[in-house]
Structures are given as structure tokens and as C-alpha cells.
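Asks: quick one: sequence and predicted model below, then my questions.
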Amino acid sequence: MHIAIAGNIGAGKTTLTTLLSQHFNMEPHYESVDENPYLEDFYHEMERWSFHLQVYFLNSRFRQILEIKKEQKDIIQDRTIYEDRFIFAANLHSMGLMSERDFTNYSSLFDLMELIVTPPDLLIYLKASIPTLVRNIHSRGREYEKSINIDYLSNLNDRYNNWIESYKKGKLLVIDVDNLDFVKKPEDLGTIIEKVNAEIHGLF
């Protein structure tokens, strides 16, 4: 079983990955953020570091996928390889922060990787408004995230919603997290678990 959690920066993916992995006794695979050597530079000079950052994430995610296929365990994954390509890289390109040459090179690399990528059995999308994202980003206090532009977050949100509307690679569960607190309220986490259980049982 392979479950993946998708969502914008600050939507709560990592936290929910941890909570669901504990409940369902699944192995969590997290996004490589703290070890990313480009992230802080990127938020200060997006145009200069966009290609480097996206290639790092793409490489990291692809390695995760190869490990998942090799281990054949029940996995829950924090963010998917599809988001790297169709949300973040595409957004940087459209904003003029990634050149046409770099985006073409990046897309070609993704297309090659996708030939051996198996989509998750269940994709969970955490849908959140900009105020929710901003509140969560500020509460976790990462210094390099303080420079994130609201327009940048908004553009990402629009791309996420468009991507999810056309997602056809497997089962999809959309969870609106604006009015949920699955960290402090056990009943909210319970609601999510019930919905995930319903989707998982539908896989068999």
C-alpha cells in the first residue's frame, strides 16, 4: 500500500504523514527539506536558484520512489513527484523565475523518470486557504520561509486546485483543512482516519 499526501507549503503534510503512519503502522517517507542545500538561497534569490532547487527535489523524490518499489512495504509519502513538476517547476517557469531552457531540460528529465514511476494507491490532498497556509508557516518558525511571497503561495494554490481537478492516476481524497486541527483535536484526526479507511478498503 502506497499513500501519498499532497498540498501547498504549510498545509500540514508532514504532520499528517507522521500521525497517519503511526495509526496505520506504515513507514513514513518525508520530503528532504532540512537537508536541502538550496532552499534558503532559493527564497532569497528565486530566479538564480530555482532550477537547482527543483532538480534537487526531483532527484530526492525519485530516489524515494525507487526505495518504495524496492522495499515493498506499506508506505505513506510526504508530497509526490508530480507536484515537483506540475506545481512548483511549472509555477516558477510561468512567473519568469525559471528560464525556458531550464524548464525544458527539467521537464525532459521528469518525463524520463515518469516512465518507471508508479502512482500512489491513494492520494490525499490537503486543501487550504492562504490565511491557513500563512498561519501554519509562521507558527513553525522556519527562518528562510519568512520571505515567502503571498502571490507565490496564491499561484501555487491555484495550480494545486487545477491539478487536483484533473487528477486521474488513482484514488483521490480531498480534505479541506481550514476548519480542522488534527494535531490538537483527536476528533478531527479521527474524521480524517475514517475517510482514509473508507478509501483504503475500496482499494481491495
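Replies: On my side now, so go ahead.

Asks: okay, now the unreliable bits of this protein?
Replies: Along the chain, the parts satisfying pLDDT under 70 run over 33-34, 141, 143-144, 146-147, 202-204.

Asks: so which residue is smack in the middle of it?
Replies: For the chain, Arg79 is the residue whose C-alpha lies nearest the centre (Cα atoms, centre = their mean; 2.8 Å).

Asks: after the one helix or strand Leu53 maps to comes which helix or strand?
Replies: Counting by DSSP states H and E, the element that carries Leu53 is helix 46-71. The helix or strand immediately downstream of helix 46-71 is strand 75-78, counting by DSSP H and E.

Asks: list of residues touching that following strand?
Replies: Here strand 75-78 makes contact (Cβ atoms under 8 Å, 6 or more residues apart in numbering) with 1-5, 13-14, 17, 20-21, 24, 26-31, 64, 68, 120. For the C-beta atoms, the positions are set from N, CA and C on the backbone; glycine is no exception.

Asks: got it, and stretch 16-25?
Replies: If you take Cβ under 8 Å, 6+ apart as the criterion, stretch 16-25 is touched by 3, 5, 26-28, 30, 74, 76-78, 124, 126, 182-183, 189, 192-193, 196.

Asks: how about a cut-off of 7 Å?
Replies: When contacts are defined by Cβ atoms under 7 Å, 6 or more residues apart in numbering, stretch 16-25 is touched by residues Ile5, Glu27, Pro28, Tyr30, Ile76, Asp78, Leu126, Phe182, Leu189, Ile193, Val196.

Asks: same deal with stretch 84-100?
Replies: 46-47, 50-51, 54, 57-58, 61, 103, 106-107, 110, 155-156, 159-160, 163.

Asks: all strands of this protein, in order?
Replies: Along the chain, the segments classed as strands by DSSP state E run 2-7, 27-29, 75-78, 122-127, 171-176.

Asks: I'd like to know which of the ones you listed is closest to Asp41.
Replies: For Asp41, the closest of the strands of the chain is strand 75-78, at 22.2 Å, according to Cβ to Cβ.
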